[in-house]
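Engineer: Predicted model and sequence below, questions to follow.
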Amino acid sequence: MNSFKSLVLPTGLRVIYQRLNQANSTSIYVTVGAGPRFETQETAGLAHFLEHMLFEGTKTLPTSKDVAEHIEKIGGQSGAFTDKEYVIYYAKVKPQHLETAISHLSEILFNSTLNPEAIEKEKRIVMEEIKRTKDNPEVEIWELWTEWVWGKNQALGRSTLGDAKTVKNVTREKLLRYMRNLYHPTNMVVALAGNFSLENTERLLRKNFGTRSKGKVPNFKAVKLVPKNGAVKTINSDTQQNQLILGFITGVFYHHKDRFPLLLVANILGAGASSRIFHKLVYELGIAYTVGTYAWSFKDTGLFATSGGFSTEKTEKAIKTILEELTRLKSERISSQELQVAKEQSKSNIYFSMETSDAIAYRYAAQYITENRILTPDETARNIDKVAPKDIQRVAKKYFTKKNLRLMVRGPSVKKFTRSFEKLLDDFN
């Protein structure tokens, strides 16, 4: 795979680019260090709301239709999304239209008008998005679980979308203040991948991003583990199935030495059809349609969790099975053969996810803004290959403890099973 190159403009804008000479497209992703992680209780929901608003009109593209047609009339694609620790704005075009793509992103990032009438309209749209999430149990349980784990007084515990109260309280003045603090080149990363001229691209970036004012990279408040009265939380809901998350607060952040061992543990337990928990629950016991295990890192902490949907009568069996597999990983050292399978799967997933210009640009943009470094697929693969069977057992023993454990079950009349779920956890250490 071709290697990336980088440069830093005088404004502090960091640029990562990788040429793909045979590509039929060029993708440009602009990442802003402005996700919910950098919000306070007073500014909660602004990162996501502003992401919507920047497509509502600019000085030269006055309406949302003008903004959309600017990129779509040349066959391009554009959009944005908000994650916990960043917001991404992107465009993908044919190589000959790169200048339009760069000017398009610059226009929405620096020249949006934030029309008051559009703000009121967008409030209704965001509220519909929030309602849609509540209608999707598989999505909403993650919102509920992280809120329970961290608490709404901490940034990671608040919904990325905001809530009815925060959306209602959005004003143009708040959005402008938020943009001044966070939307400047020093707090941005631009990543390009595809077929383009390096000399021409640098000229376009200097023209569209190089004259903006510098700013400060924002600080964030370190997250704290909030003590709980118990390790189980149940929520009654009018659904056909119980959704559960059984997870741990690991504290394993991006640069932590245990990041890659835990990544492999997630693969071993629940990242493929042959993984331990997935195969047991889906193929052997036949009590789930799907289940997954994930290792999630942030700037200063991390989570590890298994989630899935189960019928009411099979939920206890599912919890018991997950706990048994976690315990087995702690008590029995994994074989070199099984670990090698997990390594190959993990490495393949990384390489497979880097086969298009937009996937490459996204990976580099998100990684540089959060980690302040780029790990190429080859470097990531080398880190994965360093993990030994003893490392898997060590991290399982270290992080999978009753102290770190949080189980949430949401479904029809699940509260009456709370004590039964607690008993399942009693013997887990």
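Structural biologist: That came through fine.
Engineer: where along the stretch 251-400 of the chain do the helices fall?
Structural biologist: With DSSP state H, counting those that start in this stretch as the definition, the stretch 251-400 of the chain shows helices at residue ranges 259-270, 276-278, 315-331, 336-352, 357-371, 377-385, 389-399.
Engineer: Can you pull out the low-pLDDT segments for the chain?
Structural biologist: 1-2 (pLDDT under 70).
Engineer: for it, which residue is closest to the average position?
Structural biologist: Asp83 (5.0 Å; CA atoms, centre = their mean).
Engineer: Could you check how far that one is from Asn115?
Structural biologist: Distance, Asp83 to Asn115, by CB to CB, to the nearest Å: 26 Å. In this view, the C-beta of every residue, glycine as well, is placed from N, C-alpha and C.
Engineer: hmm, back to that, so who does the residue nearest to the centre of the chain touch?
Structural biologist: For Asp83, the contacting residues are Gly35, Thr160, Ala366, by CB atoms under 8 Å, 6 or more residues apart in numbering.
Engineer: Check Ser112 too.
Structural biologist: For Ser112, the contacting residues are Met53, Leu54, Glu56, Gly57, Thr58, by CB under 8 Å, 6+ apart.
Engineer: Looking at those residues, which one is closest to Thr186?
Structural biologist: Each of those was checked against Thr186 using CB to CB; the closest is Leu54, at 18.7 Å.
Engineer: Quick one: neighbours of the closest one, just the number.
Structural biologist: For Leu54, the number of neighbouring residues by other CB atoms under 10 Å comes to 24.
Engineer: and the closest residue to Val217 other than its chain neighbours, how many residues sit next to it?
Structural biologist: For Val217, the nearest residue in space outside its immediate sequence neighbours is Asn187; the separation is 5.4 Å by CB to CB, 6 or more residues apart in numbering. A total of 23 residues lie near Asn187 under the criterion other CB under 10 Å.
Engineer: swap in Met179?
Structural biologist: Applying other CB under 10 Å, we find 20 residues neighbouring Met179.
Engineer: Repeat that for Glu313.
Structural biologist: For Glu313, the count of nearby residues is 9 (other CB under 10 Å).
Engineer: Would you mind measuring from the residue nearest to Val217 to Arg177?
Structural biologist: Spatial separation of Asn187 from Arg177 under the definition CB to CB is 15 Å.
Engineer: before we move on, what about Ala365?
Structural biologist: Ala365 is 25 Å from Arg177, where distance means CB to CB.
Engineer: Kindly report the same for Lys280.
Structural biologist: Summarising the geometry, the distance separating Lys280 from Arg177, computed by CB to CB, is 51 Å.
Engineer: Ok, Ser78 next?
Structural biologist: Relative to Arg177, and taking CB to CB, Ser78 is found at 26 Å.
Engineer: So for those two, which sits in the more crowded spot?
Structural biologist: The residue with the greater number of neighbours, taking Ser78 and Arg177 and applying other CB under 10 Å, is Ser78; the counts read 20 against 13.
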